[in-house]
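> Give me a model of this one.
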Amino acid sequence: MKATREAFGKHLPIMGEKYDNILALDADLGKATKIASFGETHPKRFFQMGIAEANMIGVASGLSEYDYKVFIASFGSFLTGRYDMIRCSLAYPNRPVVLVGTHVGMAIGKDGVTQMGLEDVSIMRALPNMVILNPASYSETIKVIEYLCDTELDSPHYLRLGRQPVEDIEIPFEFGKGQVVLEGDDITLFSTGCILSDVVEAARTIENTYSYSVRVVNITTLKPIDDKIIIDSAKKTNHLYTIEDHSIVGGLGSAVSEVLSENHPSKVVRIGLNDIFPESAPPKDLYEKYGLSSEQIVNRVINELDK
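All right, here's what the predicted structure looks like:
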């Protein structure tokens, strides 16, 4: 059980040994986001910007003009909250900066709504040129970090990482491609980010208890999204669900629905936060109350089958 932010903290310094043009900027949350580990290993390429996310974004844009690969990090809610700076300094000029937003979703728990990234995907999806990556496990995050460092990026990328330890499900990563984690013929559960292990547990319960065959598809690249795997899943199974620790407005559920409405009209049930703010509480309690625990996912899926 390891958090995806831990993978970022461990592997970015390793990639810094490989590439001397990687820079890291911190907005006073380096220990929490784990970007501080890069500063410990490469202090001359690490810059503490203080509690000034907007300034950090502007500095990153300028540095990227000189062939530096710049990683900037803060909590997802704080970072995407500087929407106008991201829009004007990164998305509009199309600067290849990597924005790392950690502590996303309800799973941060007791820190409360102000620090939960609940609308960050919606905000970043709306920006032209922005790429969004939302890995599900520790090992997959390492592969995503390697991709970001090994690839000559031509646009800004938003990397969404979780605080909570999650099961380290081994998943192959290919940019722009979804992954079939479990095969099935009756139901498809689309998942993104750190909730994957709960979705897989729910799928197995549905198969064992209710005898439905369940397909689980992990969507790491939220933008550009894998149209083909979504359309194929709709053709292969009769019941489609999206599950995300995020608002269903503008998140995975919206993205999947957009693809299907234009290519293969199908009913999609969106499971996530439905236009509501949760409260401060332990992650397990929040998942149970707002329908994201494996048991509640099972209940929702089965109840919707009868409608």
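> count of residues packed around N274?
Counted with other C-beta atoms under 10 Å, the neighbours of N274 add up to 12. Yep, even glycine has a C-beta here, placed from its N, CA and C like the rest.
> Now do it, the pLDDT please.
Predicted confidence (pLDDT) at N274: the value is 95.
> let's number from 489 now, not from 1
Okay, residue one is now 489; in that scheme the one you just asked about reads as N762.
> my guess is it contacts H734, does it?
No - applying C-beta atoms under 8 Å as the test, N762 and H734 come out as separate, 11.2 Å apart.
> which ones are touching the residue lying closest to M594 once chain neighbours are set aside?
Take M594 and drop its neighbours on the chain: the residue closest to it by C-beta to C-beta, 6 or more residues apart in numbering is L774, 4.4 Å away. By C-beta atoms under 8 Å, 6 or more residues apart in numbering, the contact set of L774 is 594-595, 597, 766-767, 780.
> which one among those gets closest to F526?
A595 (24.2 Å; C-beta to C-beta).
> That closest one and Q667, how far apart?
In this structure, A595 and Q667 are separated by 21 Å, where distance is defined by C-beta to C-beta, to the nearest Å.
> Next: K777.
29 Å.
> same check, this time on H727
On the measure of C-beta to C-beta, H727 and Q667 end up 20 Å apart.
> I630 now?
Between I630 and Q667 the distance, using C-beta to C-beta, works out to 15 Å.
> likewise D686?
According to C-beta to C-beta, D686 and Q667 sit 17 Å apart.
> Would you indicate which residues of stretch 652-660 are buried?
By neighbour count with 16 or more other C-beta atoms under 10 Å, stretch 652-660 contains the buried residues 652, 654, 656-657, 659.
> I'd like those written out as TSV, with distance to N543 and pLDDT added.
Compiled in TSV, the buried residues of stretch 652-660 are given as follows (distance: C-beta to C-beta, whole Å; pLDDT from 0 to 100):
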residue	distance to N543	pLDDT
Q652	30	94
V654	33	95
D656	36	94
I657	38	91
I659	36	91
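> could you dump these to a markdown table with distance to A542?
Output for these, formatted as a markdown table (distance: C-beta to C-beta, whole Å):
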| residue | distance to A542 |
| --- | --- |
| Q652 | 28 |
| V654 | 31 |
| D656 | 35 |
| I657 | 36 |
| I659 | 35 |
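> residue ranges of the strands in this structure, please?
510-514, 534-536, 557-563, 586-590, 619-621, 645-648, 667-670, 675-679, 702-706, 709-711, 727-735, 756-761 (DSSP state E).
> Compare those and report which one is nearest to V601.
Taking C-beta to C-beta, strand 756-761 is the member of the strands of the chain nearest to V601, at 10.4 Å.
> For the closest one, output the C-alpha coordinates as PDB.
Presented in PDB, the C-alpha positions along strand 756-761 are these (Å, rounded to 0.1, in the frame of the first residue of the first chain):
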ATOM      1  CA  VAL A 756     -23.800   6.100 -18.700                       C
ATOM      2  CA  VAL A 757     -24.200   6.100 -14.900                       C
ATOM      3  CA  ARG A 758     -21.700   8.500 -13.300                       C
ATOM      4  CA  ILE A 759     -20.600   7.700  -9.800                       C
ATOM      5  CA  GLY A 760     -18.800  10.400  -7.900                       C
ATOM      6  CA  LEU A 761     -19.600  13.700  -6.200                       C
END
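> From the contact counts, what lies against that strand?
Strand 756-761 is packed against strand 727-735, helix 740-751, helix 782-793, with contacts defined by 3 or more C-beta pairs under 8 Å, 6 or more residues apart in numbering; DSSP states H and E.
> Could you identify which of those is most buried?
By mean neighbour count, with neighbours taken as mean count of other C-beta atoms under 10 Å, strand 727-735 ranks first of those at a mean of 25.
> What residues does the residue lying closest to F535 once chain neighbours are set aside make contact with?
Across the structure, with C-beta to C-beta, 6+ apart as the measure, the residue nearest F535 apart from its sequence neighbours is L513 (5.0 Å). Applying C-beta under 8 Å, 6+ apart to L513 gives the contacts 534-535, 537, 544, 547-548, 558-561.
> what about stretch 594-602, start to end distance?
With C-alpha to C-alpha, to the nearest Å as the measure, the first residue of stretch 594-602 is 11 Å from its last.
> Enumerate the positions of it that are buried.
Along stretch 594-602, the positions that meet the burial threshold by neighbour count (16+ other C-beta under 10 Å) are 594-597.
> now swap in stretch 500-510 and tell me
500-501, 503-504, 510.
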